[in-house]
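# sequence first, predicted model second:
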Amino acid sequence: MKKQLYTVLAVFSLLTAQAQEARLAAADKQYEKYAYVDAIKTYERVAEKGYKSVDLFQKLGNAYYFNAELDKANKWYAELFAMNQPVDAEYYYRYSQTLKSVGDYEKANEMLSQFNQKNAADLRAQLYTKHKDYLEEIKANSGRYKVENININSEYSDYGTAFFDNKLVFASARDTGGLFNRKHQWTNQSFTKLYASEISSDGSMLEPEQFNTSLNTKFNEATPVFTKDGKTVYFTRNNYNKGKRGKNSDKATLLKIYKATLEKGKWVNVTELPFTSDNYSTAHPALSPDEKTLYFASDMPGTLGQSDLFKVAINADGSFGTPENLGKQVNTEGRETFPYVTDENELYFASDGQLGLGGLDVFVTQINKDGSYGEIKNVGTPVNGPKDDFAFIIDTKTRFGFFSSNRDGGKGYDDIYKFQETRQLKCEQLLSGTITDKETGLPIANARVTLSDASFKVIKTIYADHEGKYSFDVECGNVYYVKAESKDYTPNELKAIIPKESGETDLSIELDKPVKQITVGTDLAKTFGIKIIYFDLDKWNIRPDAAIDLAKIVDVMKQYPNMKVDVRSHTDSRQTHKYNLKLSDRRAKSTIDWMVQDGVAKERITGKGYGETQLVNKCADGVECTEQEHQQNRRSEFIITAM
């Protein structure tokens with residue numbers, strides 16, 4: 001009886017396992033087609049029956065992760081890591097992102113640390129290594145926006161805004177009540193169409209209407225950008241045009257950027273851009289202020305991560321150049337997407353590869369005149385949060401703008417939020433100074449001044465004005481090197497550490513002449529920048545570092561055999577007058593003895609100590625002075641008395 005029971009149980013278990021495997025196989029097909037909603041249902045039913053595997057939990061986590069439901073992805077990634085089985089390093093990163101979505105930043109950072117150990121070459125790992133205090137940096141950037149959910153949102157997905165005349169154009173998956181309501185397998189929502197809402201004089205939004213039927217098709221349309229004259233639009237659409245649907249080798253219909261022109265109130269001449277392809281996606285176009293460059297997101301060959309930001313030249317004849325990846329300063333192995341460029345040449349974009357609060361965060365960087373990019377900055381809360389925040393646009397004149405988010409508390413899957421920026425993030429620093437003659441203190445006009453970055457890469461070269469003054473606009477928080485050069489002077493380069501707040505950093509540079517004029521009365525100590533011959537406390541024997549400076553004096557005296565020098569040693573006032581006088585005198589005599597031993601005839605050197613009798617400032621007994629002021633009185637002099 002027991003044997004029969006075991007046989008029945010075994011057969012039942014086998015049939016159950018086979019059924020589970022069949023369900024998983026069907027789910028895998030849906031997963032590979034990006035039909036994540038259908039896949040999730042099957043995977044979860046299998047998992048709820050106690051079936052466990054690394055592959056199952058990875059796909060369940062991924063299905064929610066790529067569908068931007070990070071809190072649900074967190075549950076399954078937690079199950080994955082609870083199995084204590086080897087997984088690819090990428091899952092440590094994804095798990096950290098989902099941990100942020102539920103507010104567990106401590107454990108998220110632990111996962112980031114392990115991700116760094118397993119994949120130190122990854123740009124995201126390097127960012128975390130350089131900015132382990134990134135949460136404090138984000139906190140410093142936060143609190144600059146007043147955010148509100150707006151009335152045009154539906155219970156479905158609404159996102160990706162653009163300004164057009166006095167309207168806001170956006171994508172929406174709202175059900176318009178048509179005869180056939182096609183739904184996207186990935187999200188189980190209707191395909192998105194472009195809608196427009198008029199912005200009234202008080203800033204409120206009027207009831208949205210479909211933007212233009214000639215642009216909307218039975219597939220997805222989204223994220224338009226319009227030229228300033230309103231006659232050209234670039235927008236995102238599934239690979240579908242003129243009734244023809246394009247597919248890649250896996251039979252998937254990807255995204256392309258299209259262009260259309262406005263003629264007699266209708267958008268016509270809808271054409272895909274020449275650098276698009278059936279085999280990769282291009283999406284979310286943005287225009288530079290001069291409309292000569294188009295920015296966009298893509299996973300085309302050469303992409304560093306899941307999607308990168310690219311730019312492409314728009315030629316005068318309407319043709320396009322070759323797309324260029326924005327590079328490793330902007331792009332990571334994660335997702336960079338939804339670019340937007342302001343008329344102040346600031347590039348806003350969304351990323352889950354840069355250090356953020358979870359999911360996609362909004363970041364900003366300055367596009368420099370030479371095409372390079374400034375520091376990448378997280379715009380902070382309340383725009384960014386633990387979920388996906390993206391599609392940021394702003395009017396730089398009014399400082400009003402919009403972004404999209406799937407944060408908790410919204411009306412639908414994705415909502416559009418309106419904001420007002422109350423304080424700009426931009427940090428402006430001026431690095432300036434004066435180039436002077438070290439000996440005379442006089443300004444050096446027209447000195448050549450070169451600014452280099454922390455790696456000594458030349459950024460810019462200018463010439464000082466007639467007063468020896470120069471200035472550079474630099475980025476906050478960076479390290480620079482400034483080199484000054486002028487005829488008849490030895491070049492000098494100094495390091496500048498720029499603060500992280502707006503302001504001006506002074507870096508004046510002294511230049512020394514390699515050939516110095518000397519005569520009776522000249523102080524050789526000043527000529528060679530010798531402030532003091534150093535002795536140990538209460539000692540008068542010559543230290544090795546002092547011997548180096550004395551060797552300079554001896555060398556000059558050997559060049560001029562008739563030169564005679566008077567050695568004078570001075571102290572500050574912070575001892576008794578008698579003590580200082582005796583100590584300085586012993587030090588002067590030790591100095592003379594060393595020079596004689598080094599080959600200078602004794603009759604060519606005189607000298608004595610003056611203690612505190614020849615102070616160069618106010619710092620006498622009983623007068624409160626700084627250490628720097630006292631230092632001015634502790635000096636050595638080598639006065640030429642004969643040539």
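Received, thanks.

# chain center to the host helix or strand of L135, what's the gap?
Per DSSP states H and E: L135 is located in helix 134-141. Centroid separation between helix 134-141 and its chain, computed with CA atoms, centre = their mean, to the nearest Å, is 12 Å.

# what's the next secondary structure element after it?
strand 145-149.

# what is the nearest residue to A171 once chain neighbours are set aside paired to in the beta sheet?
Spatial nearest neighbour of A171, excluding adjacent residues (CB to CB, 6 or more residues apart in numbering): A222 at 3.7 Å. Every C-beta, even on glycine, is put in place using the N, C-alpha and C of the backbone. A222 forms beta bridges with T236, as assigned by DSSP bridges.

# repeat that for the one 10 residues further on.
Under the criterion DSSP bridges, T232 forms beta bridges with T261.

# quick check, central residue of the protein?
By CA atoms, centre = their mean, the chain has its centre lying nearest to I376, at 1.9 Å.

# which residues of the stretch 401-550 of the chain fall in strands?
415-421, 428-437, 448-452, 458-463, 469-475, 479-485, 492-497, 503-506, 509-511 (DSSP state E, counting those that start in this stretch).

# in TSV: those strands, plus distance to Q114 and mean neighbour count.
Shown next, in TSV, are these (distance: least, CB to CB, whole Å; neighbours: other CB atoms under 10 Å):
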stretch	distance to Q114	mean neighbour count
strand 415-421	34	21
strand 428-437	37	19
strand 448-452	37	18
strand 458-463	37	13
strand 469-475	32	18
strand 479-485	30	20
strand 492-497	33	14
strand 503-506	39	13
strand 509-511	47	20
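
# mean pLDDT and distance to N141 added to those, as CSV?
As requested, the strands of the stretch 401-550 of the chain are arranged in CSV below (pLDDT from 0 to 100; distance: least, CB to CB, whole Å):
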stretch, mean pLDDT, distance to N141
strand 415-421, 96, 12
strand 428-437, 94, 15
strand 448-452, 96, 26
strand 458-463, 95, 25
strand 469-475, 93, 15
strand 479-485, 95, 21
strand 492-497, 94, 21
strand 503-506, 93, 18
strand 509-511, 94, 33
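
# and the gap between the residue nearest to the centre of the chain and K247?
Applying CB to CB, to the nearest Å, the value for I376 to K247 is 36 Å.

# do G433 as well
Using CB to CB, G433 is found at 62 Å from K247.

# just the helices in the stretch 151-300 of the chain please.
Counting by DSSP state H, counting those that start in this stretch, no segments of the stretch 151-300 of the chain form helices.

# may I ask which helix or strand of the chain has the lowest mean pLDDT?
Scoring the helices and strands of the chain by mean pLDDT, DSSP states H and E places helix 2-32 at the bottom, with a mean of 39.

# isn't F163 up against K228?
No - using CB atoms under 8 Å, F163 makes no contact with K228, being 10.2 Å away.

# neighbour count: these two, which is higher?
F163 (17 against 11; other CB atoms under 10 Å).

# any idea what that one is bridged to?
For F163, the beta-bridge partners are L168 (DSSP bridges).

# any idea how far the residue lying closest to S471 once chain neighbours are set aside lies from V474?
In space, and not counting its chain neighbours, S471 is closest to S432: 3.8 Å by CB to CB, 6+ apart. For S432, the distance to V474 (CB to CB) stands at 10 Å.

# likewise for K516?
Distance, K516 to V474, by CB to CB: 34 Å.

# ok, now A108?
33 Å.

# now do I498
Taken as CB to CB, the span from I498 to V474 is 6 Å.

# what do these two both touch?
Common neighbours of I498 and V474, counting by CB atoms under 8 Å, 6 or more residues apart in numbering, are Q429, L431, Y480, T505.

# now the residues you listed in JSON lines, please, with extra columns for distance to K469.
Formatted as JSON lines, these follow (distance: CB to CB, whole Å):
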{"residue": "Q429", "distance to K469": "17"}
{"residue": "L431", "distance to K469": "12"}
{"residue": "Y480", "distance to K469": "17"}
{"residue": "T505", "distance to K469": "14"}
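
# residues in contact with stretch 406-413?
Residues outside stretch 406-413 that contact it (CB under 8 Å, 6+ apart) are 68, 149, 153-158, 173, 187, 189, 359, 385-389, 414-415.

# in it, which residues are buried?
Buried residues in stretch 406-413, defined by neighbour count with 16 or more other CB atoms under 10 Å: N406, R407, G410, K411, G412, Y413.

# same question for that stretch, mean pLDDT?
Averaging pLDDT along stretch 406-413 yields 90.

# what about that stretch, distance to the chain center?
Computed by CA atoms, centre = their mean, the chain-centroid distance of stretch 406-413 equals 28 Å.

# show me the shaky parts of this structure.
1-39, 175-189, 534-541 (pLDDT under 70).

# quick check: domain ranges of it?
2-133, 145-421, 428-511, 524-642 (automatic domain parsing).

# for those domains, which one sits closest to K139?
K139 sits nearest to domain 145-421 of all the domains of the chain, at 7.2 Å, using CB to CB.

# first-to-last residue distance for that closest one?
Terminal residues of domain 145-421 are spaced 5 Å apart (CA to CA, to the nearest Å).

# look up how far L326 lies from P224.
Using CB to CB, P224 is found at 21 Å from L326.

# neighbour count winner among those two?
More crowded of P224 and L326, by other CB under 10 Å: P224, with 28 against 21.

# thought D621 was touching Q575?
No - with contacts counted by CB under 8 Å, D621 stays clear of Q575, the gap being 9.7 Å.

# those two: who's more crowded?
It is Q575, of D621 and Q575, that has more neighbours when counted by other CB under 10 Å, with 15 against 11.

# which residues are in contact with that one?
L583, E612.

# for K582, see how far away it is.
According to CB to CB, Q575 and K582 sit 10 Å apart.

# one step back: from the contacts of stretch 406-413, which ones fall inside strands?
N149, D158, Q189, D389, D415 (DSSP state E).
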